[in-house]
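[1] how would this look folded up:
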Amino acid sequence: GTVHARRGAGVFVASKPTDYPLGRRVRFHQNMLVSGRTPSRQMLRLETRACDPREAEALALPPGAPVHLVEGLSLADGVPVAMFRSVFPATRLPDFLATMAQTNSVTAALAQAGVADYTRSSTQITAIAADALLALHLRLPQSAPLLRTVAVNVDPAGQPIEFGTTWFAGERVALTLQAADLS
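    Numbering: from 1, shown residues only. Below you'll find the predicted structure:
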């Protein structure tokens with residue numbers, strides 16, 4: 001791979017980007033295993049707060065309704081590949097944060113709350129430059145290219161269950177779409 005140095009943070013070896021399929025069922029853990037990588041997750045913040053207007057619209061909630069916020073890092077082979085921030089409807093999922101803290105898995109926490117399956121209803125992808133905080137968490141130089149996804153996941157009845165933003169390290173992840181997922 002390519003060697004990358006960052007003042008005060010050390011020297012890192014960049015490897016070939018990991019393919020990360022985006023489809024109706026997007027699961028980080030599964031995507032990393034299929035790519036031959038060892039997935040892990042580091043939680044940065046778990047809290048309940050009032051939703052902002054954008055979150056209320058995405059989750060079809062009344063303004064100011066409570067949401068659970070989950071923020072953290074997704075790692076492949078111990079290297080951060082993404083930072084994520086997701087919100088979930090707190091009234092519908094009262095014990096979600098406690099389960100999330102135990103399992104470190106959105107899929108497991110939703111299943112325990114009675115949401116056995118969920119699918120992606122929309123994903124918006126944009127390219128941005130890493131600000132200081134994202135660069136620090138992702139161990140990248142400031143202004144490094146990131147792929148930002150903003151997505152909504154829904155339960156089998158079509159009710160929004162998750163609204164999330166993920167910032168992928170552009171040099172470490174290749175987002176892939178299949179034709180079947182584009183129709």
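
[2] can you give me the helices in the protein?
    Secondary structure of the chain by DSSP state H: the helices cover 28-34, 53-59, 96-103, 106-112, 132-138.

[3] got the contact list for the fourth one?
    Among residues not part of helix 106-112, those counted as contacts by CB atoms under 8 Å, 6 or more residues apart in numbering are 27, 29, 70, 86, 88, 93, 95-96, 99-100, 103, 118, 161-162. (C-beta placed from N, C-alpha, C; glycine too.)

[4] need the winner for burial among the helices of the chain.
    Mean neighbours per residue, mean count of other CB atoms under 10 Å, is largest over these for helix 106-112, with a mean of 19.

[5] what is the rounded mean pLDDT of that one?
    Confidence over helix 106-112 (mean pLDDT, whole number) is 93.

[6] now swap in stretch 151-165 and tell me
    96.

[7] in it, which residues are buried?
    By 16 or more other CB atoms under 10 Å, the buried positions in stretch 151-165 come out as 151-155, 160-164.

[8] for stretch 41-50, same thing?
    Under the neighbour-count rule (16+ other CB under 10 Å), stretch 41-50 has Arg41 buried.

[9] likewise for stretch 80-98?
    Quick answer for stretch 80-98 (16+ other CB under 10 Å): 80-84, 86-90, 92-93, 96-97.

[10] measure that stretch end to end?
    24 Å (CA to CA, to the nearest Å).

[11] can you give the distance of it from its chain's centre?
    With CA atoms, centre = their mean, to the nearest Å as the basis, stretch 80-98 stands 10 Å off its chain's centre.

[12] quick check: mean pLDDT of it?
    96.

[13] and stretch 49-69, by the same measure?
    On average, stretch 49-69 scores 98.

[14] in the sheet, who's paired with the residue nearest the centre of the chain?
    Among the residues of the chain, the one closest to the centroid is Phe84, at 3.8 Å (CA atoms, centre = their mean). Applying DSSP bridges to Phe84 gives these bridge partners: Gly72, Thr166.

[15] Phe163 is in contact with that one, correct?
    No. The pair Phe84 / Phe163 is not scored as a contact, 11.5 Å apart, by CB atoms under 8 Å.

[16] hang on, the earlier thing: could I get the buried residues of stretch 151-165 as JSON lines with distance to Arg172?
    Shown next, in JSON lines, are the buried residues of stretch 151-165 (distance: CB to CB, whole Å):
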{"residue": "Ala151", "distance to Arg172": "19"}
{"residue": "Val152", "distance to Arg172": "25"}
{"residue": "Asn153", "distance to Arg172": "23"}
{"residue": "Val154", "distance to Arg172": "28"}
{"residue": "Asp155", "distance to Arg172": "31"}
{"residue": "Pro160", "distance to Arg172": "29"}
{"residue": "Ile161", "distance to Arg172": "28"}
{"residue": "Glu162", "distance to Arg172": "23"}
{"residue": "Phe163", "distance to Arg172": "24"}
{"residue": "Gly164", "distance to Arg172": "19"}
